[in-house]
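A.B. asks: got a structure for you, letters missing:
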């Protein structure tokens, strides 16, 4: 019996992924547990294991193929001695795949335009032939062999040319008459100079784009800012760290995580997410912390902060940040969370507004602590001030709730001993 | 407008006119065709078709001369030129009546008479038809296609007289075989007559003003025909201009100038085959905005003259003057009148040309000389029929297939052939050109074995240094 190897869901929210690398080839013998492929999900690259013993009979998706739906077949595993027959692939799968190819088609064409590389169109059709897809389901570009060759020599993507031959077939005359300034990617690609580099968007970049566009489109943001005097906090931090013997080093950020958690416990209405029909209020405070990594950012979660001390928070954070930088976070380490923090203080940013990390209701944007003149009792004095800005999804958190949270937060930061409560 | 007699009147029933009329009828137009002499025009009655019948006879004569090569002994062969021409005339009349039937079937009203444009103030075109019994009929139409063809050209100092100086008509129906013949002009017509009469045993001399015979063909092809002709005893005088012709009772003397040297040559008869003149004079065009340049009607790319609604196709317009070009123009022009979209003008580099001499000549596209004059980078392949099994088996292995590609793009820009049945092979290149194949598709096409067509394959392979059998 042949078995279809399906695109695995590597996280609960994963809908599709990119097959970044095959670690086996057709005809390879595999035993259960062998690594067979690398899959790039929205956040990380993961390895896929063989689920059974057998021989890789047919690889159905090529390396680099994007947007492969979870649970669609990516390869066929044969038992030993078995031959691959046409029947091996059930018609349902075929239909499914064809539908997908059609869905993907537009993406392919778009890439084609941007990359000025008509080969993508061809490789697409080649791939599909290899994978038993019926090529007639794809949009075929009718073109004479001569026109095709000349277009390639002139670097004109066929998809940009309107064919004047029968049924829109592209002829030599159409290529000759084609105005290269009309190439559809011209806005991105200045043909006169090569003073740019085109970088293919990674799955992570696309995820960031998709999620943040969704957030800004759907979540009505409003922003609340507050100055916090952190002199006391710095003092406490210094005191704690002075006793560490280099075994730990609590950061301001660790303390902000703790303060956020404590404030959320006081204002549980801010510890919420929007779920269309319902609003979800979290019992735990799982704090997502934005970490800049190569090619983007990720928000690993310090979980159950309410039951953790600063030391544990600090260790968790270091561990998560390291894993993030190495691309080794497991999905459960970055998916979920009830509240987010984005801290750009270390870059000297005074204050900024962050985009909400959906479906969460709030994100706290933390600026740098700097000495500023302040007025206390009609006297000007100097204090270390940190400006924080809370972005709230108005569907979940109203202005008063946000203000209440922020004022609790300020109280905790300025009176760090309260965090001990 | 309701009282317009026809959507279209076609003047001239040759391969341009009758094809246009049938196509127009297919597209739902009401159509009339005016023909003065014979349906099918010169092509069918006095050109392409009857000459092919004659050349078939001379080919058989050639085979009979060589039957011993195939293991036969035949003696007492008799030839009657009158029977040969009789068969040729029968072939022509059979086809001409076929055209009459086709037009009837397609509801084309045929008027026997001479058609011309009559002056009219309205937008409607009026056609005057002078019938055989000298009556004048007038018919109105929305569109007119002028397809009146052409006739053979004479020189200021010599015209055909039907006795000693022949035009194509007399040459096709000679009362008896002459012992010797001078043929002036070495285009397709002159060369076909030269081949025909030589095979029937006539002493033939060709006089050509240009440096090579078949001057429109590729030089390699022309050279092979010249060698073959000379081997058969045909005398060829190239670079020779005709200065004067003197006729006596039973002979003709021609003064020719070759490289400034005047010489007199004599023969029993002389054929003038020096080109054509378009039949524009009696069409009443002087009252219309129809331009004529070098004797031929000027049209746009879709065959319309400067006079709106008046079109011209075939030999009456610009060359090449070939029946299949006329037919194609007829169809294009009618579809344009019918308002079809996405029509493409005729690509003159994709019109094949055939000469049915022995060995046959066929070509399409640019010659090597033309291609070089355009400074194109070329890939040229040549395959001689001596390397082709079928040609050897036929006992007919003289000839060459030459293919010319644009080195930069792989575009087939010309194909030139001389040899057995090449007139039937050229369409392969026509299709290849129309579909815009490159050398790759031709190289990867499977040609059946054993056929003459394998020569096409080998020639293409040779252009890219991959020929197997040569």
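C.D. replies: Yes, it's here. It should be emphasised that the depicted structure is a prediction, and the values quoted were computed from it without experimental measurement.
A.B. asks: list the contacts of the residue in chain B positioned nearest to chain A.
C.D. replies: Residue of chain B nearest chain A, by Cβ to the nearest Cβ: residue B:436 (3.3 Å). C-beta coordinates here come from the backbone N, C-alpha and C atoms, glycine included. Each residue near residue B:436 by Cβ atoms under 8 Å, 6 or more residues apart in numbering or on different chains is listed here: A:144, A:145, A:146, A:147, A:171, A:172, B:411.
A.B. asks: neighbours of the fourth one, how many?
C.D. replies: Here the neighbour count serves as a burial measure; for residue A:147 (other Cβ atoms under 10 Å in any protein chain shown) it reads 28.
A.B. asks: could you point out which element follows the host helix or strand of it?
C.D. replies: Residue A:147 belongs to helix A:145-153 when assigned by DSSP states H and E. The element immediately downstream of helix A:145-153 (helix or strand, assigned by DSSP H and E) is helix A:172-176.
A.B. asks: for that following helix, packing partners?
C.D. replies: In this structure, helix A:172-176 packs against helix A:145-153, with contacts taken as 3 or more Cβ pairs under 8 Å, 6 or more residues apart in numbering or on different chains; DSSP states H and E.
A.B. asks: is the helix it packs on anywhere near chain B?
C.D. replies: Yes: against chain B, helix A:145-153 shows contacts by Cβ under 8 Å from any Cβ of the partner chain at A:145, A:146, A:147, A:149, A:150, A:153.
A.B. asks: who are the packing partners of that helix?
C.D. replies: helix A:172-176.
A.B. asks: and the contacts of the helix it packs on?
C.D. replies: Residues contacting helix A:172-176 (Cβ under 8 Å, 6+ apart): A:144, A:146-147, A:150-151, A:154, A:156, A:161-165, B:411, B:436.
A.B. asks: same thing but 7 Å
C.D. replies: A:144, A:146, A:147, A:150, A:151, A:154, A:156, A:161, A:162, A:163, A:164, B:436 (Cβ atoms under 7 Å, 6 or more residues apart in numbering or on different chains).
A.B. asks: how much space between residue B:236 and residue B:153?
C.D. replies: Distance, residue B:236 to residue B:153, by Cβ to Cβ, to the nearest Å: 21 Å.
A.B. asks: who's more crowded, those two?
C.D. replies: Counted by other Cβ under 10 Å, residue B:236 and residue B:153 do not tie: residue B:236 has more neighbours, with 20 against 16.
A.B. asks: how about that one, what does it touch?
C.D. replies: Per Cβ under 7 Å, 6+ apart, neighbours of residue B:236: B:206, B:213, B:226, B:229, B:230.
A.B. asks: the second one touches residue B:226, doesn't it?
C.D. replies: Yep, that's residue B:213 we're talking about. Yes: using Cβ atoms under 7 Å, residue B:213 is in contact with residue B:226, at 5.7 Å.
A.B. asks: okay, domains of chain A per the record?
C.D. replies: A:3-89, A:97-200, A:204-420 (automatic domain parsing).
A.B. asks: and for chain B?
C.D. replies: Taken from automatic domain parsing, chain B resolves into B:6-151+B:277-337, B:165-274, B:359-463.
A.B. asks: can you put these in JSON lines and add mean pLDDT?
C.D. replies: JSON lines is the format used below for these (pLDDT from 0 to 100):
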{"stretch": "domain B:6-151+B:277-337", "mean pLDDT": "95"}
{"stretch": "domain B:165-274", "mean pLDDT": "96"}
{"stretch": "domain B:359-463", "mean pLDDT": "97"}
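A.B. asks: about what we covered before: hey, least reliable of the domains of chain A by pLDDT?
C.D. replies: Note on these: domain A:97-200 shows the lowest mean pLDDT, a mean of 64.
A.B. asks: which one's more surrounded, residue B:213 and residue B:226?
C.D. replies: Neighbour totals were compared for residue B:213 and residue B:226, and residue B:213 leads with 24 against 18 (other Cβ under 10 Å).
A.B. asks: measure the more buried one to residue B:207 for me?
C.D. replies: On the measure of Cβ to Cβ, residue B:213 and residue B:207 end up 10 Å apart.
A.B. asks: same check on residue A:2?
C.D. replies: Taking Cβ to Cβ, one finds residue A:2 at 81 Å from residue B:207.
A.B. asks: more neighbours: which of these two?
C.D. replies: The residue with more neighbours, out of residue A:2 and residue B:207, is residue B:207; 24 against 18, by other Cβ under 10 Å.
A.B. asks: for the more buried one, phi and psi?
C.D. replies: Backbone torsions of residue B:207, given as degrees, to the nearest 10, read phi -110, psi 120.
A.B. asks: can you name the residues bridging to it?
C.D. replies: residue B:184, residue B:237 (DSSP bridges).
A.B. asks: contacting residues around it?
C.D. replies: B:182, B:184, B:237, B:240, B:242, B:254, B:256.
A.B. asks: same check, this time on residue A:401
C.D. replies: Contacts of residue A:401 by Cβ under 7 Å, 6+ apart are A:267, A:269, A:270.
A.B. asks: quickly note the distance from the second one to residue A:302.
C.D. replies: Look at residue A:269 and residue A:302: by Cβ to Cβ, they are 21 Å apart.
A.B. asks: and the longest helix anywhere in chain B, what's buried?
C.D. replies: For chain B, the longest helix by residue count, based on DSSP state H, is helix B:81-105. For helix B:81-105, a neighbour-count test (16 or more other Cβ atoms under 10 Å in any protein chain shown) marks B:81, B:84, B:85, B:88, B:91, B:92, B:95, B:96, B:99, B:100, B:103 as buried.
A.B. asks: return the distance of it from the chain's centre.
C.D. replies: Distance of helix B:81-105 from its chain centroid, counting by Cα atoms, centre = their mean, to the nearest Å, is 18 Å.
A.B. asks: stretch B:444-459 too?
C.D. replies: 27 Å.
A.B. asks: in terms of helices and strands, where is residue 263?
C.D. replies: You didn't pick a chain, so chain A it is. helix A:252-266.
A.B. asks: chain B is the one I meant
C.D. replies: Using DSSP H and E, residue B:263 falls in strand B:261-267.
A.B. asks: got it, and residue A:227?
C.D. replies: strand A:221-229.
A.B. asks: picking up where we left off before, return the subset of the contacts of residue B:236 lying in strands.
C.D. replies: The strands, defined by DSSP state E, take in residue B:206 from these.
A.B. asks: any chance of the contacts of residue B:236 in JSON lines with distance to chain A as columns?
C.D. replies: Below are these laid out as JSON lines (distance: Cβ to the nearest Cβ, whole Å):
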{"residue": "B:206", "distance to chain A": "39"}
{"residue": "B:213", "distance to chain A": "33"}
{"residue": "B:226", "distance to chain A": "34"}
{"residue": "B:229", "distance to chain A": "37"}
{"residue": "B:230", "distance to chain A": "40"}
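A.B. asks: could I get the contacts of residue B:236 as JSON lines with distance to residue A:327?
C.D. replies: Below are these laid out as JSON lines (distance: Cβ to Cβ, whole Å):
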{"residue": "B:206", "distance to residue A:327": "85"}
{"residue": "B:213", "distance to residue A:327": "79"}
{"residue": "B:226", "distance to residue A:327": "78"}
{"residue": "B:229", "distance to residue A:327": "82"}
{"residue": "B:230", "distance to residue A:327": "83"}
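A.B. asks: which among the contacts of residue B:236 gets closest to residue B:402?
C.D. replies: residue B:226 (15.5 Å; Cβ to Cβ).
A.B. asks: good, we can wrap up now.
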